[in-house]
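1. got a predicted structure here, sequence first:
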Amino acid sequence: MNKKWMLSGVALLVVVAGIGLNKHNGAAAPSIAPMASVTNRPALTVRTTSLRNDQWTRALAANGSIVAWQEAIIGAETSGVRIIEVRVSVGDVVKKGQVLATLARDSAQANTAEAQATLKESEAMLAEASANAERMRKLRDVGFISEQQADQASNNEKAARARMEAQRARLQASAVRLGQLQIVAPDAGIISARNASVGTLTQPNMELFRLIRQGRLEWQADLTAAELGGIKPGMKVTLTTPQGQPMRGQVRAVAPSINMQTRYGQVLVDVPANSGLLAGMFVSGTIQLGEQAAIVSVLPQSAVAMRNGTAFVYVLDDKSQVHERVVTLGQRHGDQIEILTGLAQGVPVVETGAAFLVEGDTVRVVNQAARPSASSAASLVSVSAVAAQ
């Protein structure tokens, strides 16, 4: 046991002597230098850029739906009549006045025939009353009858004439009802919905068809009050179809009021005929706000990061450290984005890897050639991040 304690004491003396020797020679602890090296090592290898001026045509991007210019709801003008024929279906192109459906005509035809017969009877009674009144007037003139008898005959003639006129009106009403048994298109267009079925009885306010008048469609976009203020009828619009094809349009109208619930107003854009678009499609578009190009300050979109709805960039100081700078964004064009406020010309900005940086990080900057024009800026390839070793 004593020998073990002696050996332990010798080992402890050797360690203490070694530490003292290192201090005497001025050598630092072996673990301190590597820690300092890790602390000073760059977090990322990046490229830098700065604001540059470019010429853009002012435009406003928006989303909206394709809707019918005007949609006519077609129903029957008479109720309780059975549908016996439907001639059109959804998607059919129809002309104004074209028959869409036919209702049962038997009862209406019988009523019309009865009205015609009654009218003829009334006309015969009027002829008899007129002849009798004429005879009475002649007899009164020669003194064979009294004035009262002549007046009574004249009144009978007037009553017969009134009955005939009333019956003629009933015949006209019966003819109108007979014509209502054919459901016709009120305008040319495209059938967008059909609820009519053979055998169904018509009901009041029953919708049988929907018609997109003249086949015209329009793009309906919801915009804020600030955005609506810069839009005028006649402005050019470029729509992008769901297939990715561009299509030209024109602003037809701008809403004169804002929806109190949504705080948005509508812009209506005419869609070209035979566009291939369908009502209900969701389409994006760009409204050209002016013909003249404006000078704007832009950065690559890769240089802008977003956090909690706030846009910011990382600017570089002379010690290769990065600092967050909040910026206000404008329009986007290709891979370029407009910077409205928050950044001055000539300030170096981290172009790639902003999502991997935090305030105060040290980076290694890779020099690069002059930036290409906006048309070829999309061809730049970002430098990949280099992890700290």
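-> That came in fine, so what should we check first? Residues are numbered from 1 along each chain as shown.

2. for the rest of this, base every contact and every neighbour count on C-alpha atoms.
-> OK.

3. stretch 284-292: how far from the chain's middle?
-> 16 Å (CA atoms, centre = their mean, to the nearest Å).

4. tell me the mean pLDDT for that stretch?
-> Stretch 284-292 comes out with an average pLDDT of 79.

5. contact partners of that stretch?
-> Contacts to stretch 284-292, defined as CA atoms under 8 Å, 6 or more residues apart in numbering, come from residues 57-64, 230-231, 235-241.

6. over to stretch 226-241?
-> By CA under 8 Å, 6+ apart, stretch 226-241 touches 60, 246-254, 265, 267, 269, 277, 283-290.

7. filter those residues to the buried ones?
-> Buried by 16 or more other CA atoms under 10 Å: 60, 248-254, 265, 267, 269, 277, 283-289, out of these.

8. what about the residues you listed, which are in strands?
-> Secondary structure from DSSP state E places 60, 248-254, 265, 267, 269, 283-289 of the buried ones among the contacts of stretch 226-241 in strands.

9. list the buried residues in stretch 134-149.
-> Neighbour-count burial for stretch 134-149 flags 134, 136-137, 139-140 (criterion: 16+ other CA under 10 Å).

10. chain center to it: distance?
-> 83 Å.

11. what's the mean pLDDT across that stretch?
-> 85.

12. distance between the ends of it?
-> Distance between the two ends of stretch 134-149: 12 Å, counting by CA to CA, to the nearest Å.

13. list the contacts of it.
-> Under CA under 8 Å, 6+ apart, the answer for stretch 134-149 is 150, 153.

14. look up phi and psi at residue 327.
-> When quoted as degrees, to the nearest 10, the phi and psi of residue 327 stand at phi -130, psi 160.

15. same question for residue 62.
-> Dihedral angles for residue 62 - degrees, to the nearest 10 - are phi -150, psi 160.

16. for it, which non-adjacent residue is spatially closest?
-> Spatial nearest neighbour of residue 62, chain neighbours left out: residue 285 (5.5 Å); criterion: CA to CA, 6 or more residues apart in numbering.

17. and the buried ones among the contacts of stretch 284-292, selectable in ChimeraX?
-> Remark: buried members of the contacts of stretch 284-292, expressed as a ChimeraX selection using 16+ other CA under 10 Å:
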select :58,59,60,62,63,64,231,235,236,237,238,239,240,241
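
18. restricted to strands, list the contacts of stretch 284-292.
-> Assignment to strands by DSSP E places the following of the contacts of stretch 284-292 there: 57-64, 236-240.

19. these: which two are farthest apart?
-> Comparing every pair within the ones in strands among the contacts of stretch 284-292 by CA to CA identifies 57 and 64 as the most remote, at 21.7 Å.

20. tell me which residues form a beta bridge with the most centrally placed residue in the chain?
-> For the chain, the residue whose C-alpha lies nearest the mean C-alpha position (CA atoms, centre = their mean) is residue 64; its distance is 1.5 Å. Taking DSSP bridges, one obtains residue 221, residue 283 as the residues bridged to residue 64.

21. surely it touches residue 218?
-> No. The pair residue 64 / residue 218 is not scored as a contact, 10.0 Å apart, by CA atoms under 8 Å.

22. what ranges do the strands span in the stretch 1-150 of the chain?
-> 44-46, 48-49, 52-68, 71-75, 83-86, 93-94, 99-103 (DSSP state E, counting those that start in this stretch).

23. which other helices and strands contact the third one?
-> So that's strand 52-68. The contact analysis (3 or more CA pairs under 8 Å, 6 or more residues apart in numbering; DSSP states H and E) places strand 52-68 against strand 217-223, strand 282-300.

24. same question for the fifth one.
-> Strand 83-86 is packed against strand 99-103, with contacts defined by 3+ CA pairs under 8 Å, 6+ apart.

25. and the strand it packs on, which residues are buried?
-> Of all the residues in strand 99-103, those buried under the rule 16+ other CA under 10 Å are 99-103.

26. again, but for stretch 87-100
-> For stretch 87-100, burial by neighbour count (16+ other CA under 10 Å) applies to 88-89, 93-94, 98-100.

27. just checking the distance from it to the centre of its chain.
-> On the basis of CA atoms, centre = their mean, stretch 87-100 sits 28 Å off its chain's mean C-alpha point.

28. what's the average pLDDT for that stretch?
-> Averaging pLDDT along stretch 87-100 gives 94.

29. do the same with stretch 314-324
-> pLDDT averaged over stretch 314-324 gives 89.

30. quick one: contacts of that stretch?
-> For stretch 314-324, the external contacting residues (CA under 8 Å, 6+ apart) are 303, 312-313, 325, 347-350, 354, 358-365.

31. please list only the buried members of those.
-> Buried residues within the contacts of stretch 314-324, defined by neighbour count using 16+ other CA under 10 Å: 303, 312-313, 348-350, 354, 361-363.
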